[in-house]
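Trainee: No sequence on hand, only this structure:
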């Protein structure tokens, strides 16, 4: 068992009468074991949705300012704190999955314009939300994870959603894990994005 002293941040009510450490404090403790993009994904999650604790009231989402303020409780030169601060500079919301974070970071680090995240689009009286999009160009990227493969109903709903976007003039590229992991496939969809964004900017000018 390893015991450490808390940095004095608020705790949360947990299951069976326990108290849970503040999520920013937990993230600082976990930072040495996480890559930079995973740290960003954790921060995106904290900023994008309430902290869910089973059988307890959901906690409000943290803002970037909340997280920055919490980090002031830690030693400035601590490597873990510095890593979280670097990740915070690349965090965004609303992001609804870690893979959305990874795709967004890939897009932004290639120098492409920052995409809108889960931007509400009204189609046939229904709101739908592309993972990453450039709404003015009707251009978007969707990431489909394992649930879309394993659950037939989820897969069918997603395919219908994509067709609806396409029927309304959207150019949508659907990615899976291999598209992110395989360098050749990654280059292919990034090239696709470059061509579509360039075409859109030419039309606008």
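Mentor: Good, I have the coordinates. From a predicted model like this one, the values you see are computed outputs, not experimental measurements. Residues are numbered from 1 along each chain as shown.
Trainee: any idea how far residue 144 is from residue 27?
Mentor: Going from residue 27 to residue 144 by CB to CB, to the nearest Å gives 28 Å. For glycine as for every other residue, the C-beta is placed from the backbone atoms N, C-alpha and C.
Trainee: what about those two, which has more around it?
Mentor: Taking other CB atoms under 10 Å, residue 27 and residue 144 do not tie; residue 27 has more neighbours (24 against 19).
Trainee: Please, which helix or strand holds that one?
Mentor: helix 23-30 (DSSP states H and E).
Trainee: model confidence over that helix, on average?
Mentor: Averaging pLDDT along helix 23-30 gives 94.
Trainee: Run through who's touching that helix.
Mentor: 4, 6-7, 9, 21, 39, 42-43, 46, 51, 62, 67, 70-71, 73-74, 78, 80-81, 84 (CB atoms under 8 Å, 6 or more residues apart in numbering).
Trainee: Now for the chain, the helix or strand with the poorest mean pLDDT.
Mentor: In the chain, no helix or strand scores lower on mean pLDDT, DSSP states H and E than helix 146-150, which sits at a mean of 65.
Trainee: and residue 69, which of the three is it?
Mentor: helix (DSSP: H, G, I helix; E, B strand; the rest coil).
Trainee: Spatially nearest residue to residue 105 (excluding sequence neighbours)?
Mentor: For residue 105, ignoring the flanking residues on the chain, the nearest one in space by CB to CB, 6 or more residues apart in numbering is residue 37 at 5.3 Å.
Trainee: residues in contact with the residue nearest to residue 83 when sequence neighbours are not counted?
Mentor: Take residue 83 and drop its neighbours on the chain: the residue closest to it by CB to CB, 6+ apart is residue 31, 4.8 Å away. When contacts are counted by CB under 8 Å, 6+ apart, residue 31 is found next to 39, 79-81, 83-84.
Trainee: and if we set it to 10 Å?
Mentor: 38-39, 42, 78-84, 87 (CB atoms under 10 Å, 6 or more residues apart in numbering).
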